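Trainee: I would like to see how this sequence folds:
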Amino acid sequence: MHELPAPVATRLAALVRSLPRASLSVTAGGVDGIPDALSRLLDVVVEVPALRHRPEDVPVLAAHFARDGVTFTDAAARALRTHSWPGNVEQLRRTVRDAAARSSLVDVRHLPPELLATRSGSLTRIESLERDELVRCLTEHGMSVTRAAETLGISRATAYRRVQRYGITTSR
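Mentor: Residues are numbered from 1 along each chain as shown. This is a model prediction of the structure:
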């Protein structure tokens, strides 16, 4: 909302005023970020904390974003609930819709690898590829770190070091 040019905000405010029984809902970083033309139309301002501060809302939102009949395994629900969601609700929506398009029973293997990795900071391309392949192997049914190491052609010790380095959680 703070990036909305003043002339556009003025035209939008005029449009909202011209509609009978129209209500206006906006998303903004704060009350100060709402242009004056629109702020005069708001009766109530509700500040909603970022999704990372409301992990209890994640399962409810995930169920809402998934199509009917889609359920989540405990491991997938835990991964969704514990992720920090830097992209907030929009990132959760995209993640759930993509996973639900793959299966009616969403498991961790249907989720993006970054949801299972807790390492902060950015990764190089090769590190991202390495992390993603390790997560892909670990999320296959019945796969252990030892079997994933064999599949990837690396030693078991290397696999465990990579799991620790990338902060990959392997709970089932």
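Trainee: what about residue 116, how many neighbours?
Mentor: 26 (other CB atoms under 10 Å). All C-beta atoms are positioned from the backbone trio N, CA, C, and that covers glycine.
Trainee: Return the per-residue confidence for it.
Mentor: Model confidence at residue 116, given as pLDDT, is 79.
Trainee: what sits against it?
Mentor: 79, 108, 135, 138-139, 168-170 (CB atoms under 8 Å, 6 or more residues apart in numbering).
Trainee: Residue 37 too?
Mentor: 6, 9-10, 12-13.
Trainee: so who does the closest residue to residue 159 other than its chain neighbours touch?
Mentor: In space, and not counting its chain neighbours, residue 159 is closest to residue 149: 3.7 Å by CB to CB, 6 or more residues apart in numbering. If you count contacts by CB under 8 Å, 6+ apart, residue 149 has them with 155-156, 158-159.
Trainee: Residue 149 and residue 111, how far apart?
Mentor: Residue 149 sits 22 Å away from residue 111, taking CB to CB, to the nearest Å as the criterion.
Trainee: Repeat that for residue 88.
Mentor: 17 Å.
Trainee: These two: which has the busier surroundings?
Mentor: Neighbours were counted for residue 88 and for residue 111 using other CB under 10 Å; residue 111 has more, 23 against 14.
Trainee: ok, now which ones touch that one?
Mentor: Contact analysis of residue 111 by CB under 8 Å, 6+ apart lists 76, 79-80, 95, 99.
Trainee: ok, now residue 61?
Mentor: 51, 89, 92-93, 96.
Trainee: next one: stretch 24-36 to chain centre, how far?
Mentor: 23 Å (CA atoms, centre = their mean, to the nearest Å).
Trainee: do the same with stretch 154-164
Mentor: So, by CA atoms, centre = their mean, the centroid of stretch 154-164 is 27 Å from its chain's centroid.
Trainee: didn't residue 12 look like it was pressed against residue 41?
Mentor: No: in this structure residue 12 lies outside contact range of residue 41 using CB atoms under 8 Å: 9.2 Å.
Trainee: one step back: of the contacts of residue 116, which is the nearest to residue 129?
Mentor: residue 135 (10.9 Å; CB to CB).
Trainee: Pull out the buried residues from the lowest-mean-pLDDT helix or strand in the chain.
Mentor: The least trusted helix or strand in the chain, going by mean pLDDT, DSSP states H and E, turns out to be helix 36-39, with a mean of 84. Using 16 or more other CB atoms under 10 Å as the test for burial, helix 36-39 gives 37-39.
Trainee: Over to stretch 145-165?
Mentor: Result for stretch 145-165 [16+ other CB under 10 Å]: buried residues 145, 148-149, 151-152, 159, 162-163.
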